[in-house]
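In: the following block contains a protein sequence and its predicted model.
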Amino acid sequence: MTHGEFIKALGGATKIAKWLARETGSDIDREAIYKWSRNSVPWRWRPHLARLAFEQGIALPSDFSPRVAA
């Protein structure tokens, strides 16, 4: 799954922006989130979106979290 597909699965940029504002107290412009879908979600916001994905039962993109060496 790409980051764009992930953002779409979470409900899109507007929904994510409203959710992040409510959960973090930070105003995030939906246009910024739309840009994430073309590039990638910044590391700063990944834990928050991972939580939202968990709440909705949505899988994370394979490159969403760092790999840990064994």
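Out: Received the coordinates, thanks. All values reported here derive from a predicted model rather than from experimental measurement.
In: helix, strand, or coil at residue 32?
Out: helix (DSSP: H, G, I helix; E, B strand; the rest coil).
In: from residue 20, how far out is it?
Out: 10 Å (C-beta to C-beta, to the nearest Å). Quick note: C-beta positions are derived from backbone N, CA and C, even for glycine.
In: those two: which is more packed in?
Out: Legend: neighbour count by other C-beta atoms under 10 Å for residue 32 and residue 20, higher for residue 20 (19 against 12).
In: mind checking which helix or strand that one is in?
Out: Using DSSP states H and E, residue 20 falls within helix 13-24.
In: ok, now residue 8?
Out: helix 3-9.
In: hmm, who's touching that helix?
Out: Defining contact as C-beta atoms under 8 Å, 6 or more residues apart in numbering, one finds that helix 3-9 is touched by 1, 13, 16, 33, 36-41, 49, 53, 56, 58, 60-61, 64.
In: show me how far the helix holding residue 20 is from its chain's centre.
Out: In terms of C-alpha atoms, centre = their mean, to the nearest Å, the gap separating the centre of helix 13-24 from the centre of its chain is 10 Å.
In: where's the most centrally placed residue in the chain, which helix or strand?
Out: By C-alpha atoms, centre = their mean, the chain has its centre lying nearest to residue 49, at 3.8 Å. Following DSSP H and E, one finds residue 49 within helix 46-56.
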